[in-house]
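J.: just coords:
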Ligand SMILES: Nc1ncnc2c1ncn2[C@@H]1O[C@H](COP(=O)(O)OP(=O)(O)OP(=O)(O)O)[C@@H](O)[C@H]1O
């Protein structure tokens, strides 16, 4: 469970995040949807303790991210916006390296790696050096790496960015599987169809503020629009920046 209470972050005169509050629950996929520059990445960075908020609080499974940052990090698996891999290492070695950083013993490390390689269908790339990997192969490796310590809460910044149709479908199924295991899955996207297809709850963010939140049905009901695309346009005030 991730709880966000009145987060603020400014860069000089730019108020990137201006009072964001929401909760992402266990056993649900929560989508943070907003146009380019809305403040999604900045919000997520504060959630996974990379950035300190100017104001506000984040709690993960009830733990405060500011005062208990290490415990919070252990409970989080993060796919950040930059998916840097160690290019001299194979996919498996990239994953194992993170397992060691998390202090996993050798047997747990091997079994977690194997489970993730199977679940993400990475058998063909596991022994390949990651230099030259396609975008989809890079994302898979980065996700496996993020989940190696079996976290209860998973944060993904635009996980399907740059993926083709098949890879996007596979990613959606994988996120549903994590949800069905009872985990808390939170991801950002500027693609409304993506969020509509996948999310149990949607948090719509624009200009650093939450402008609506709820299930797809609730958002449609709040706006009086028959379809979700029209509801988003209604909420945000324009369709600009919400790519199809
Ligand atoms: N490190 C930074 N320094 C200065 N301004 C920043 C920084 N990070 C973000 N911003 C600004 O904060 C605002 C929100 O950016 P953010 O990256 O959080 O948006 P986003 O919703 O993730 O957008 P996108 O969909 O384009 O990735 C933007 O105006 C951006 O230019």
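T.: Okay, I see it. These numbers were taken from a predicted model, which means no experiment stands behind them.
J.: can you list the weak-confidence ranges in this structure?
T.: 238-244 (pLDDT under 70).
J.: what domains does the record give for it?
T.: Taking automatic domain parsing as the reference, the chain has its domains at 1-75+152-244, 81-150.
J.: what sits up against the helix or strand where residue 115 lies?
T.: In this structure, residue 115 sits in helix 106-119 according to DSSP states H and E. Helix 106-119 has contacts (Cβ atoms under 8 Å, 6 or more residues apart in numbering) with 91-92, 95-96, 99-100, 104, 122-123, 126, 144, 147-150, 174, 177. Heads up, the C-betas are built off the backbone N, CA and C, glycines and all.
J.: Separate out the buried members of the residues you listed.
T.: 91-92, 95-96, 99, 104, 122, 126, 144, 147-149, 174 (16 or more other Cβ atoms under 10 Å).
J.: This protein against the ligand: which residues are in contact?
T.: 11, 14, 16, 34, 36-42, 190 (Cβ under 6 Å from any ligand atom).
J.: Those into JSON lines, with extra columns for secondary structure and neighbour count?
T.: Shown next, in JSON lines, are the residues of the chain next to the ligand (DSSP: H, G, I helix; E, B strand; the rest coil; neighbours: other Cβ atoms under 10 Å):
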{"residue": "11", "secondary structure": "strand", "neighbour count": "9"}
{"residue": "14", "secondary structure": "strand", "neighbour count": "12"}
{"residue": "16", "secondary structure": "strand", "neighbour count": "23"}
{"residue": "34", "secondary structure": "coil", "neighbour count": "27"}
{"residue": "36", "secondary structure": "coil", "neighbour count": "10"}
{"residue": "37", "secondary structure": "coil", "neighbour count": "15"}
{"residue": "38", "secondary structure": "coil", "neighbour count": "25"}
{"residue": "39", "secondary structure": "coil", "neighbour count": "25"}
{"residue": "40", "secondary structure": "helix", "neighbour count": "26"}
{"residue": "41", "secondary structure": "helix", "neighbour count": "19"}
{"residue": "42", "secondary structure": "helix", "neighbour count": "22"}
{"residue": "190", "secondary structure": "coil", "neighbour count": "19"}
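J.: Identify, from those, the entry nearest to residue 202.
T.: Nearest to residue 202 among the residues of the chain next to the ligand, counting by Cβ to Cβ, is residue 34 at 10.4 Å.
J.: wait, isn't that closest one in contact with residue 206?
T.: Yes. With contact defined as Cβ atoms under 8 Å, residue 34 counts as touching residue 206 (5.4 Å).
J.: Tell me the residues that contact both of those two, please.
T.: Counting by Cβ under 8 Å, 6+ apart, the residues touching both residue 34 and residue 206 are residue 236.
J.: quick one, phi/psi of residue 81?
T.: phi -70, psi -30 (degrees, to the nearest 10).
J.: The nearest residue to it once chain neighbours are set aside - how many residues pack around it?
T.: Computed as Cβ to Cβ, 6 or more residues apart in numbering, the closest residue to residue 81 that is not its neighbour in sequence is residue 157, at 4.3 Å. The number of residues packed near residue 157 is 22, by other Cβ atoms under 10 Å.
J.: With residue 197 instead?
T.: Neighbours around residue 197, by other Cβ under 10 Å: 13.
J.: Wait, a strand at it?
T.: No. Per DSSP: H, G, I helix; E, B strand; the rest coil, residue 197 lies outside any strand segment and is helix.
J.: what about residue 1, neighbour count?
T.: Neighbour tally, residue 1, other Cβ under 10 Å: 16.
J.: cool, residue 180 as well?
T.: 10.
J.: One more: residue 170?
T.: Neighbours of residue 170 using other Cβ under 10 Å come to 17.
J.: helix or strand for it, which one?
T.: Going by DSSP H and E, residue 170 is part of helix 165-180.
J.: Show me how far that helix is from its chain's centre.
T.: Relative to the centre of its chain, helix 165-180 is centred 13 Å away, using Cα atoms, centre = their mean, to the nearest Å.
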